[in-house]
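In: Please work out how this folds:
(chains A and B)
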Amino acid sequence: MKKYFSFFKMRLMAGLQYRAAALAGLSTQFVWGGMEILLYRALWSAHPERFPMGVEALAAYIWLQQAFLTFFALWQWESELADAVRTGAVAYELTRPMDLYGMWFARALALRLSRGLLRSVPVLLLGAAVPAPWGLRLRVSPAVFGLFLVSSVLMLTVVCAFIMLVYALTFFLEDSRGIMMLGAPLADLLGGGIVPLPFLPAGLRRVAELSPFGSMQNVPLRIFGGDIAGAEIARAMGLQVFWAAALIAAGYAVMRAGLRRVCVAGG
Amino acid sequence: MGLYFHSLSLHIKSRMAYKASFFLECLGQLLMGLELFLGVYFIMDRFGEVGGYTLRECALCCGVVLMASSLAECFGRGFDAFAHVLRDARFDRILVRPKPLMLQVLCAELRLNMLPRIAEAAVMIVWGAGAVRWTAWKAAVLALMVLGGAAVFFGLFILYAALCFFTLEGLEFMNIFTDGAREYGKYPFGVYGRGVLWLLTLLVPLALCQHWPMQYLLDRGPWWYGLLPLLAPVFLVPCTLAWRAGVRHYTSTGS
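Out: From the prediction side, this is the model:
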């Protein structure tokens, strides 16, 4: 376990070096969130009765989404790992005395955390400075906030497990760009990236909430805003645990099968 | 001009050498456009209208902006990837060649994978056209909107490249205007409130090619709103000046 932790720490430190990039991202994320808020404000003033979720919950959703974008952005992955099989770099990776899945998982997690942590704080502060009801406010009880934190950890696990499954599939497909190109828009749609899931038509919303993508940003962001409560939280988090376990198991199995047949061309 | 067409044909040949990856990229771009439209569709499905615009009207708007940005990206991508050109000191080589600098950067890249997205935008425009009572004059205004919008996006790419001379790396905040404008241009900019509308009219004149002429197309504004896209290319002047300043400021990074 210590090995994985130090590997994780190493990647985290490396990621935290890019402070200027984080600062540049800040203005982008704030404007992006602001435009979204302006749009929904126009919708709200015309048809408040057709809103499927509270204004405050929606505002919290949008600001948190912008602040923690890198935590769940599926279109960001490490080409170094996705290309490892094609370039043969996987041979070096295999010489390390660690389990490949665990090592890459730690790496994927560290990448997301390091990119997101620096970026999030200024966006959260700016979001909090926006006047009510469109600003970011903490309205839920400390206990629910605790659930939000746990759910965020589960979200990161599901996201990384999904990415790991894609990496593992490259053992068979060699080129992962195809999956990502088809997967990223699908994840955006079903994960609540295009519009928050409550805004989807009822049938599609149901599919989205049950899909692995619905166990990503959707759950913690809606817990924080108070959009889901009580039994709904329990059900959503249960589903998160299920998808985390299922995706890890699938990724692990695919990777093992892939490692048995991988054949690295030397040179 | 002959040189430019020659380089275009070279790009087409080189892309066709890797057909599979080309089609994959095309598909990715198509899905991106679809995603854009779905965003409008879901909101319209629930609310029926946004800021007084119907789904068809927004589709027209979305198509115009998507086509304008895709055209600019197709031909002006050389400027967008400019940070790499500077970092590898490839710009030194460009400087020693006895041909105009901008032409060479233009020739450096052609994004053929934008073609399906342009076609997709055309489909949106055709479908959205049902919302308009057409006259020949209005069709001309529509063409002006697309071309004017492409000019503004193109200006943004030049500006982006010009800033790279000073920062040597890509500036993420420029995405607000390039990717962001494409994303949020799916609704007429007036939807976002007066502040945003005036900013995009006077500073980055995208609204001149989108919000204002749309009013004319939908018979909600005077005829001269339809002429506003003609003013949009003025935006290229400050962008070109910034580029000139950048070239003067340039000192090689290479060895």
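
In: okay, now B:Ile176: neighbour count?
Out: Taking other CB atoms under 10 Å in any protein chain shown as the neighbour definition, B:Ile176 ends up with a count of 20. Glycine gets a C-beta too; all of them are placed from N, C-alpha and C.

In: Give me the spatial nearest neighbour of it, chain neighbours excluded.
Out: Leaving out its chain neighbours, the residue that sits closest to B:Ile176 by CB to CB, 6 or more residues apart in numbering or on different chains is A:Val31, at 4.8 Å.

In: Am I right that the one you found sits in a helix?
Out: Yes - under DSSP: H, G, I helix; E, B strand; the rest coil, A:Val31 sits within a helix.

In: Pull out the buried positions in the helix or strand hosting B:Phe166.
Out: Using DSSP states H and E, B:Phe166 falls within helix B:136-167. Residues B:138, B:141-142, B:144-165 are the ones in helix B:136-167 that count as buried (16 or more other CB atoms under 10 Å in any protein chain shown).

In: quick one: B:Ser252 from chain A, how far?
Out: In this structure, B:Ser252 lies at 22 Å from chain A, with CB to the nearest CB, to the nearest Å as the measure.

In: Quick check: closest non-adjacent residue to residue 191.
Out: You didn't pick a chain, so chain A it is. Across the structure, with CB to CB, 6+ apart as the measure, the residue nearest A:Gly191 apart from its sequence neighbours is A:Phe213 (3.8 Å).

In: Wait, chain B was what I had in mind.
Out: Excluding its sequence neighbours, the residue lying closest to B:Val191 (CB to CB, 6+ apart) is B:Gly51, at 3.8 Å.

In: can I assume that neighbour is in contact with B:Tyr187?
Out: Yes - counting by CB atoms under 8 Å, B:Gly51 does reach B:Tyr187; the two are 6.9 Å apart.

In: thinking again about what came up before, the residue nearest to A:Gly191: how many residues sit nearby?
Out: Once other CB under 10 Å is used to define contacts, A:Phe213 is seen to have 27 neighbours.

In: rewinding a little: between B:Gly51 and B:Tyr187, which one's more packed in?
Out: Shown here are B:Gly51 and B:Tyr187; by other CB under 10 Å, B:Tyr187 has more neighbours (23 against 19).

In: tell me the secondary structure for the more buried one?
Out: Here B:Tyr187 takes the coil state, with states given by three-state DSSP.

In: Check the gap between the residue positioned nearest the centre of chain A and A:Ala187 for me.
Out: Centre of chain A computed as the mean C-alpha position; nearest residue by CA atoms, centre = their mean is A:Phe72, 1.5 Å away. A:Phe72 is 9 Å from A:Ala187, where distance means CB to CB, to the nearest Å.

In: again with A:Gly127
Out: 24 Å.

In: Any idea how many residues pack against A:Met180?
Out: Neighbour count of A:Met180, defined by other CB under 10 Å: 19.

In: Could you measure from it over to A:Leu74?
Out: For A:Met180, the distance to A:Leu74 - CB to CB - is 8 Å.

In: likewise A:Gly34?
Out: Using CB to CB, one gets 24 Å for the distance from A:Gly34 to A:Leu74.
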